[in-house]
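1. what's the 3D shape of this:
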Amino acid sequence: MSIETNFDPAFAAGLALREKQIQQNYRPLIGIHKWFARRPGTLFRNLLLSEFNGDEALASAYWRAHELRGVIADPFMGGGTTVFEANRLGLSVIGSDINPMAHWIVRQGLVGIDREAFRSAAQAVAASVDESIGNLYRTQCRQCRRLAHVKYFLWVKTESCPYCSAENDLFPGYLLAEAVRHPTNVVVCHACGHLNEYEHVPTRKRPAACVECRSDVYAEGPARRQHIECRQCRREFAFPQRPLLSRPPEHRMWAIEYHCEHCKPSHTGRFFKAPDGQDLARFTLGAKLLRESVDLPIPNDEIPNGDETARLHRWGYRRYREMFNDRQLLGLGLLLRRILAVPGPTEREALLTVFSDFLRYQNMLCRYDTYALKCQDIFSVHGFPVGLLQCENNVLGFPKVGAGGFRHFIEKYLRAKDYCTAPFETRVDAGRKRKIPVLGERIEARFASSAADTDEQRSAWLQAGPAGDVDLTGVRLDGVFTDPPYFDNVQYAELMDFCFVWLRLGLAADHPEFRVASTRHSGELTGNASMARGLEHFGKGLSQVFRHYAAALKPGAPFVFTYHHNDPFAYLPIVVAVLDAQLECLATLPAAAEMGASLHIAGTGSSVLDSVFVCRPMGGTRPVQFQDLLASVERDVAAMKAGGVRVTDGDCRCLMAGHTARLAINTLRQTWDVAAPIADKFLAARTVVNGLMASIDPAFISAAAQKQPRARPKGERGVAAASV
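-> Next up is the predicted model:
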């Protein structure tokens, strides 16, 4: 039995959908550090068991412990899904990533740690910083007048009118909190700044009166499409207006959410207030302390040009430190200095990882969610969104209140390590979720001295650098399982540099991969206009990696990868790479891989599905069949619906693109010239894909998405989708 016949896409989809809803609950290991577009661990567990666990049905094999033997590789390990799932099953792994941050995150996931020593070190660090600057995160409660802990400071960007020099708040809207998780709607008065609470949301057509100054209060703000009417001279102007964008934007504090332990037992909802003079004075004091602390470890790196960083430049951000306000820089500098003084290297490096991760909640690009009433991290979308309203988080945080503080991330790291020691799965029975301990499995590796030194069970060889540079001499792989970049979907390096410039301050001395200026690399396989990396660069690099790893496969061993794009022509590099590696594509399987409600997917028409390509070296005993394209898509749609996926037109387009690529590979394999110029290879692949797409009725997509699958008889396995 093998993946082609044993994989149950409906079973796997049901698990993956639930995992992606709250991935940190199903796979707490990802709490080690943020990475982008992680594939579900449940999916890769299913794929690995399908290949290496004989003919036992996945529905039973999935829930028990395994001690598998063999060596698999992941040349694009990213956040480590393949590596972690394989290690947990007992397999040895060879993993690499060109981004040193990815390498570090995966390494931290596999490292064993003394939890008590780590917790003790973390508590000492937090206590030291709290003693120094804890007073900067206090405010006077409006009810009892005692000092209370601040959860969030809210800021608004300001801009000077070019005609009269009046300062204008760039409010896109005046609504602070919706009446969902708070009893009322909280709306700030544009005239006096008072926070008013109403049962309804006031509008310009139906305003309410401010209880403080009696001015009209409404939710609509003055800033629209980067234009605003000056509050004083009433002339409209565009923003940002800074000369030559030479400095970052100015901000004004306008609201605070706090937590009063004394009042909370008798209080309903959240605590909000407009900042008073003492709140502003505390911020001024923080800025003064920052100026006086000349030795704090704070990066001064310039933000280089890039596809994503161009947005930062348009707003005047020139250095990474400018993405933080003075109080944030003070707190982060003190925290990092204290971490660097921790004597134990394992605990110190774990704390540095926590510090790097929590930076995404400690900067002036974070926003406040008016519905959920919490801070949104900078990477809530896969980019650098420069909003007009900012949320400054409490740097340390306090237990069980709020999110995004250093103490919260310490607990998240500990939960991740607890999961490594005692992994579990989550099953839904009769609508109720149950955690199923998988006794006997764990996630922890013996780090090998080379790729060839991975014969011992659960060994790991991890390399920071191009996948093609991994020395596979003497290595015979039992399989390759990977999730390669999807050409231009995420600019991993541009985003991760935000954390890297800080983490490098603590790791460069002991880890050579942190001695570079940036995680960006000319060989990175993502499309990037600013670095002139196009589709052919992507295809050429992918081909080189596929050939390198395919050459190390044992006879008949699988080369499995996921891919995700609605445009069939984005699969041309895949077609070229598979054929150059002298692989044949034996199956394209459907898999749920994303959450439709994700901020970077919702409303875009993108698919939540991946195509899983199952390839093996040419000349094997398995027959390559040319099944009907439309029938394959219909079968996959039925499987996904049986697994609980609400299949959309975008999902159907993604599945069709995957099958089109499979058919193109198998059409071209007999006549493929590996030595031909890359442009000729792309032309040959494009010609075949064009021909396949021309034969498809455009109406088929919507019809396939709307078609209902047959009911599954009780006890029947999931629909097998061996689309070979």
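2. C-alpha from now on. contacts and neighbour counts both.
-> Noted.
3. Okay, domains of this structure per the record?
-> For the chain, automatic domain parsing gives the domain ranges 3-112+430-490+526-706, 119-173+221-414.
4. Just name the most buried of the ones you listed.
-> domain 3-112+430-490+526-706 (a mean of 20; mean count of other Cα atoms under 10 Å).
5. Tell me where the stretch 151-300 of the chain has helices.
-> 277-292 (DSSP state H, counting those that start in this stretch).
6. That one: strands as residue ranges?
-> Assigned by DSSP state E, counting those that start in this stretch, the stretch 151-300 of the chain shows strands spanning 167-169, 175-177, 185-188, 195-198, 208-209, 216-217, 227-229, 236-238, 250-259, 271-273.
7. roughly how far is the second one from the heart of the chain?
-> Strand 175-177 sits 27 Å away from the centroid of its parent chain (Cα atoms, centre = their mean, to the nearest Å).
8. neighbouring strands for it, and are they parallel or not?
-> Here strand 175-177 is paired, per DSSP bridges, with strand 185-188 (antiparallel).
9. Same question for the longest one.
-> Using DSSP bridges, the strands paired with strand 250-259 are strand 147-160 (antiparallel), strand 271-273 (antiparallel).
10. any idea of the mean pLDDT for the shortest one?
-> Confidence over strand 271-273 (mean pLDDT, whole number) is 98.
11. wait, what's in contact with the closest residue to residue 617 other than its chain neighbours?
-> Leaving out its chain neighbours, the residue that sits closest to residue 617 by Cα to Cα, 6 or more residues apart in numbering is residue 583, at 4.5 Å. By Cα atoms under 8 Å, 6 or more residues apart in numbering, the contact set of residue 583 is 550, 615-618.
12. any idea how far residue 583 is from residue 9?
-> Distance from residue 583 to residue 9, counting by Cα to Cα, to the nearest Å: 23 Å.
13. What are the boundaries of the helices in the stretch 351-500 of the chain?
-> Under DSSP H, counting those that start in this stretch, the stretch 351-500 of the chain gives helices at 406-421, 492-507.
14. which outside residues touch the last one?
-> For helix 492-507, contacts defined as Cα under 8 Å, 6+ apart pick out 36, 99, 101, 297-299, 301, 306, 308-309, 320, 340, 349, 352-353, 355-357, 359-360, 382-384, 514-515, 517-520.
15. One more: the first one?
-> Taking contacts as Cα under 8 Å, 6+ apart, the residues outside helix 406-421 that touch it are 27-32, 109, 113, 115, 119, 122, 126, 351, 354-355, 357-358, 395-399, 441-444.
16. wait, is residue 5 part of a helix?
-> Yes - using DSSP: H, G, I helix; E, B strand; the rest coil, the assignment for residue 5 is a helix.
17. so where is the stretch 551-700 of the chain shaky, pLDDT-wise?
-> Regions of the stretch 551-700 of the chain meeting the criterion pLDDT under 70 cover residues 595-606, 620-627.
18. and what of the chain?
-> Counting by pLDDT under 70, the chain has low-confidence residues at 1, 242-245, 487-490, 525-534, 595-606, 620-627, 701-702, 705-724.
19. what residue is smack in the middle of it?
-> For the chain, residue 36 is the residue whose C-alpha lies nearest the centre (Cα atoms, centre = their mean; 2.8 Å).
20. any idea how far residue 536 is from it?
-> Distance of residue 36 to residue 536, given as Cα to Cα: 24 Å.
21. most distant residue from the middle of this structure?
-> Centroid-distance maximum for the chain: residue 214 at 45.3 Å, with Cα atoms, centre = their mean.
22. Can you tell me how far it is from residue 142?
-> Remark: distance between residue 214 and residue 142 (Cα to Cα) = 20 Å.
23. Equivalent analysis for residue 122, please.
-> Distance check for residue 122 against residue 142: by Cα to Cα, it reads 33 Å.
24. same thing with residue 99?
-> For residue 99 relative to residue 142 (Cα to Cα), the value is 48 Å.
25. that older thread, over to the residue nearest to residue 617: give its phi and psi.
-> phi -110, psi 150 (degrees, to the nearest 10).
26. For residue 366, see how far away it is.
-> Computed as Cα to Cα, the residue 583 to residue 366 distance reads 45 Å.
27. With residue 80 instead?
-> 26 Å.
28. can you check residue 174 too?
-> When residue 174 is compared with residue 366 (using Cα to Cα), they lie 17 Å apart.
29. where along the stretch 401-550 of the chain do the strands fall?
-> 424-429, 432-437, 446-447, 459-464, 479-482.
30. list the helices and strands the third one packs on?
-> Packed against strand 446-447 by the contact rule (3 or more Cα pairs under 8 Å, 6 or more residues apart in numbering; DSSP states H and E) you find strand 459-464.
31. Among the strands of the stretch 151-300 of the chain, which comes closest to residue 593?
-> The stretch from these with the least distance to residue 593 (Cα to Cα) is strand 175-177; that distance is 32.4 Å.
32. how about the contacts of residue 583 in a markdown table, adding distance to residue 21?
-> Shown next, in a markdown table, are those (distance: Cα to Cα, whole Å):
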| residue | distance to residue 21 |
| --- | --- |
| 550 | 34 |
| 615 | 30 |
| 616 | 33 |
| 617 | 36 |
| 618 | 39 |
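33. Just to check, residue 247 is in contact with residue 316?
-> Yes - counting by Cα atoms under 8 Å, residue 247 does reach residue 316; the two are 4.8 Å apart.
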